[in-house]
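Enquirer: build me a model from this:
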Amino acid sequence: MIDKIIVSKKEDGTTYVYHPLNNKLFKVDNNKDNDIKRIKKPNQASENIMKSPPFPIFSFLPMDENDTCNRSQQRIIICLTHQCNFRCDYCIYGGNYREHGYRYHSNDSITFEIAALALIDILNDSLKCKRSLNFCFYGGEPLLEKALLTDIVNFIESNFNDIDYNYTITTNGSLLDTLTIEFLIKHNFFTYISIDGHPDNHNKHRKTVSGIDTFDDIFYNIKNIYLQNPAYFINNVYYNLTYNADTDFYQLISFLSENQTYFPPSKIILSSVLKSNGSLFGDTNLTLSEIVVRSVDRLTGNKFKTQDMSDKEKYELEIGKKILFPKLSFLYNNLSVKKICNGFVHLNGCCVPGKDVLFVDIDGKYYYCQSITSYGNCIGDAFKGVDNSLIKGIVNKYQSKMLEKCRKCWAVSLCRQCYFTVDINNESVNIDTICDNYRLILLSDLKLYCKVYERDKYFYNKCTDM
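Expert: Numbering: from 1, shown residues only. Sure thing, here's the model as predicted:
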């Protein structure tokens, strides 16, 4: 275990150091170590990092295999079909990732009989655990199975009278005709539309099976939702917007800000497209870095005033915050939190499989995540229910594969990798490469954290108060 990591060093000799054992970030200045675990407490003193004890031998925190009831809500993701009318070049199911073991689009769909069996099993479990449910319909493209979706919703509403629940659907937006929109409104669906912002970038990556551009049809449907029911549009419609190496953020922000009626910043969920090894899809995105730096500049210092900005500048700031905050929030909330206690380490990225999310695939098999179905181990099925021994097996597999690697890794207390990293039946995914890439990303985030701190010690509080 490395006893310290030099995060950044300024010309004046000020150095920022991360200490893995204590999970603390220090500003070392004139032989005085200042713990900056939280930006709102920038000068909290702490122990001298040069006199730290050796890193202890640890094991992973044992999991109670029966601990699958302890949650207020469970997300049930039902895969209606593996079919899709798009072939997005970065989609893990689009055929470009077959060498990594991912499934690819096919004409297979779940039957109503299998879906009903799964729902009855889930109903019985939910009544026992007294929790609410979020039913999320997934694909492929789930709206290719509109009739099946209608049957399943009717089944839920006829049988789940004693359970609080709601609906979510993730769609590419191409099949949102007037009748479909009426159906979603009637049943109060939360609708998540995948769209990549500016038409040029969207059409480059998101085409139909026959290679036709898709943006215009989707944007037409979005406008139609707004016209049919503005209140539903405002309260229930969201966007999954992906960015990658060739996304021009200036072009993206110009387009979105000009169409704020349909794309309010609060409804946009930004995510990057990553390769299977954890690196960004393509080369480093320069405009992304520039937007982040400019957002930091605008948010720091005492002269920051949103009223002095143009609408476009305000929109850019909101997008910058959406990129910044996940990075800064995680570090803000996890630095200095003691992760190694009594010889055990708690991992940030690991849930109890099946506890918060249950994915039902088209064959009725249960998985703990929609990302793992291509090559992972299932945790039960619609015919026999969740198998706690299979859950325990996944946890044990992770521990046996990762214990020595994690014990020697400086990033263990800030690691967000989960069972997905090792729960594979495919040797082409290299765990060491995934870990190397994660450490590079984490170091970059720590540098950004220090940069923000240098410019404004109370940056995070200002942002959360806005």
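
Enquirer: where does the stretch 51-200 of the chain dip in pLDDT?
Expert: 51-73, 95-102 (pLDDT under 70).

Enquirer: next one: the stretch 251-400 of the chain
Expert: 274-290, 293, 299-307, 338-349, 373-376.

Enquirer: which stretches of it form strands?
Expert: All strands of the stretch 251-400 of the chain, identified by DSSP state E, counting those that start in this stretch, fall at 268-272, 340-341, 344-345, 357-360, 365-367, 380-381, 385-386.

Enquirer: strand partners (parallel or antiparallel) of the longest one?
Expert: Spelled out, that is strand 268-272. strand 237-243 (parallel) (DSSP bridges).

Enquirer: which one of the strands of the stretch 251-400 of the chain lies nearest to Leu324?
Expert: Closest to Leu324 of these, according to C-beta to C-beta: strand 268-272, at 10.6 Å. Just so you know, the C-beta spots here come from the backbone N, C-alpha and C atoms, and that holds for glycine as well.

Enquirer: how distant is that closest one from the center of its chain?
Expert: Mean C-alpha position of strand 268-272 versus that of the full chain (C-alpha atoms, centre = their mean, to the nearest Å) differs by 9 Å.

Enquirer: go on, stretch 384-396?
Expert: Using C-alpha atoms, centre = their mean, the offset of stretch 384-396 from its chain centre is 24 Å.

Enquirer: with just CA atoms, put it into PDB.
Expert: Below are the C-alpha coordinates for stretch 384-396, written out as PDB (Å, rounded to 0.1, in the frame of the first residue of the first chain):
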ATOM      1  CA  LYS A 384     -38.300 -20.000  -7.800                       C
ATOM      2  CA  GLY A 385     -37.800 -16.400  -6.600                       C
ATOM      3  CA  VAL A 386     -34.600 -14.800  -5.400                       C
ATOM      4  CA  ASP A 387     -31.900 -17.200  -4.200                       C
ATOM      5  CA  ASN A 388     -29.900 -15.800  -1.300                       C
ATOM      6  CA  SER A 389     -27.200 -18.500  -1.700                       C
ATOM      7  CA  LEU A 390     -26.500 -17.100  -5.200                       C
ATOM      8  CA  ILE A 391     -26.300 -13.600  -3.800                       C
ATOM      9  CA  LYS A 392     -23.800 -14.800  -1.200                       C
ATOM     10  CA  GLY A 393     -21.800 -16.500  -4.000                       C
ATOM     11  CA  ILE A 394     -21.500 -13.300  -5.900                       C
ATOM     12  CA  VAL A 395     -20.200 -11.500  -2.800                       C
ATOM     13  CA  ASN A 396     -17.700 -14.200  -2.000                       C
END
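
Enquirer: show me what counts as buried in that stretch.
Expert: If you call a residue buried by 16 or more other C-beta atoms under 10 Å, then stretch 384-396 has these buried ones: Gly385, Val386, Asp387, Asn388, Leu390, Ile391, Lys392, Gly393, Ile394, Val395.

Enquirer: from these, which is closest to Ile268?
Expert: Distances from Ile268 to those, taken by C-beta to C-beta, are shortest for Ile394, at 33.5 Å.

Enquirer: hang on, the earlier thing: ok, which of the strands of the stretch 251-400 of the chain comes nearest Asp432?
Expert: For those, the distance to Asp432 is smallest for strand 344-345, at 19.4 Å, taking C-beta to C-beta.

Enquirer: about what we covered before: I'd like the strands of the stretch 251-400 of the chain as a markdown table, with distance to Thr180 appended.
Expert: What follows is the strands of the stretch 251-400 of the chain, written out as a markdown table (distance: least, C-beta to C-beta, whole Å):
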| stretch | distance to Thr180 |
| --- | --- |
| strand 268-272 | 22 |
| strand 340-341 | 51 |
| strand 344-345 | 48 |
| strand 357-360 | 22 |
| strand 365-367 | 28 |
| strand 380-381 | 30 |
| strand 385-386 | 32 |
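
Enquirer: right, and those - which one's nearest Leu317?
Expert: strand 268-272 (13.3 Å).

Enquirer: residues of that closest one that come out buried?
Expert: Result for strand 268-272 [16+ other C-beta under 10 Å]: buried residues Ile268.

Enquirer: how about Lys204, secondary structure?
Expert: Three-state call for Lys204 (DSSP: H, G, I helix; E, B strand; the rest coil): helix.

Enquirer: quick one: contacts for it?
Expert: Contacts for Lys204 (C-beta atoms under 8 Å, 6 or more residues apart in numbering) come out as Asp246.

Enquirer: please tell me how far it sits from Asp213.
Expert: Applying C-beta to C-beta, to the nearest Å, the value for Lys204 to Asp213 is 9 Å.
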